[in-house]
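[1] My questions concern the predicted model and sequence given below.
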Amino acid sequence: MTGPDKNIQFPLPHYDRLCFLKNVVKNPNIIVGDYTYYDDFENVEHFEKNVKYLFDFTGDKLIIGKFCMIASDVTFIMNGANHLTDAITTYPFAIFGNGWEHAMEGRQYPFKGDIVIGNDVWIGYNATIMAGVSVGDGAIIATNATVTRNVAPYTIVGGNPAKEIRKRFSEDIIERLLQLKWWDWDIEKITRNVQHLTGLDLDKLEKD
C-alpha cells in the first residue's frame, strides 16, 4: 500500500465534500501540489469561487504546495482587487470606458505578487489570505484569520490582521524539518514513515 491515489478527485469513498484539490481546479493560474485537500461544507467547486479577483490580465498566481489542508470558506484575495491608494481617488474609472478609458495612462494598479502557500500548511475555516502573502511550510492559519503579511514556517497565526500566536517547535527543530522536506520524499518512503510523521521522534525520520 502506498496511500491513496493522488490523481483521484475524491479520496474518501462515498464522500464528495473533500477532494484532492489539484484534480478539481481548472484555472491554470491556480497551481496545487499532490495530496493537498480541500474540504467544503457544500460543494468543492466553491474553491475557485473563493479565489477572488484572479484575472488573466493581472498575471498573478495562487500557488499551493503539497499535503496542505484547506477548510471550507477559505478565501484568497488576488491582485485584481487592488485600487490606487496614492491618488486623489481610488475609483477605477478606466474599466468603464466611454471617455474614461485613458484614466490609467502612465499609472499602474498596485501589484503585490503571487500568493504562495508552502507545504504541510493547515488553513482553518473562513480564513482570508491577501495578495502577495507567502505562508511558510508547516504553518497553521487559525479560523477566521485575515493574513496580510508573510507567515514564517511552522508558525501559528490568528486574528484580524493575523498575528503570531506561537511557533510550533523550537528554531532548531524547525530548521531540521525544513532540511528534511518530507513532502518531497517518494510516496513509498512517506508511507513507510507515516507513524513517525504523526509522532515527535525526528531522529527516526532523519535516519530513514
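    Yep, that arrived.
[2] so what's the residue nearest the centre of the chain up against?
    The C-alpha lying nearest the average C-alpha coordinate of the chain belongs to residue 117 (C-alpha atoms, centre = their mean; 3.8 Å). When contacts are counted by C-beta atoms under 8 Å, 6 or more residues apart in numbering, residue 117 is found next to 62, 63, 64, 65, 68, 123, 129, 134, 135. For every residue, glycine as well, the C-beta is placed using N, CA and C.
[3] Likewise for residue 152?
    By C-beta under 8 Å, 6+ apart, the residues touching residue 152 are 136, 139, 164, 167.
[4] What about these, which one has the most neighbours?
    Of those, residue 139 is surrounded by the most neighbours, 26 neighbours in total, counting by other C-beta atoms under 10 Å.
[5] so that one makes contact with residue 145?
    No - contact criterion C-beta atoms under 8 Å: residue 139 and residue 145 do not qualify, at 10.9 Å.
[6] Now do the shared contacts for those two.
    Residues within reach of residue 139 and of residue 145 at once, by C-beta under 8 Å, 6+ apart, are residue 157.
[7] Keep only those of the contacts of residue 152 that are in strands.
    Within those, residues falling in strands by DSSP state E are 164, 167.
[8] Nearest to residue 181 among the contacts of residue 152?
    Using C-beta to C-beta, the shortest approach to residue 181 within these belongs to residue 136, at 12.6 Å.
[9] What distance do you get for that closest one to residue 189?
    Plainly put, residue 136 is 23 Å away from residue 189 if you go by C-beta to C-beta, to the nearest Å.
[10] now residue 33
    Residue 33 sits 17 Å away from residue 189, taking C-beta to C-beta as the criterion.
[11] likewise residue 14?
    With the distance defined as C-beta to C-beta, residue 14 ends up 30 Å from residue 189.
[12] Surely residue 47 touches residue 23?
    No - because the distance of 11.5 Å does not satisfy C-beta under 8 Å, residue 47 is recorded as not touching residue 23.
[13] the more surrounded of these two?
    Summary of the neighbour comparison: residue 47 and residue 23, criterion other C-beta under 10 Å, with residue 47 having more neighbours (21 against 16).
[14] Verify the assumption that that one is located in a strand.
    No - under the criterion used here (DSSP: H, G, I helix; E, B strand; the rest coil), residue 47 is helix, not part of a strand.
[15] For it, give me its contacts.
    Under the criterion of C-beta under 8 Å, 6+ apart, the contact partners of residue 47 comprise 21, 24, 25, 38, 40, 70.
[16] Local confidence estimate at it?
    Model confidence at residue 47, given as pLDDT, is 97.
[17] Also residue 107?
    The predicted local distance difference test score for residue 107 is 87.
[18] any idea how far residue 59 is from the closest residue to it other than its chain neighbours?
    In space, and not counting its chain neighbours, residue 107 is closest to residue 84: 7.0 Å by C-beta to C-beta, 6 or more residues apart in numbering. In this structure, residue 84 and residue 59 are separated by 18 Å, where distance is defined by C-beta to C-beta.
[19] Can you list the buried residues in the helix of greatest length in the chain?
    If you go by DSSP state H, the chain has its longest helix at helix 171-180. Of the residues in helix 171-180, 174, 177 count as buried by neighbour count, 16 or more other C-beta atoms under 10 Å.
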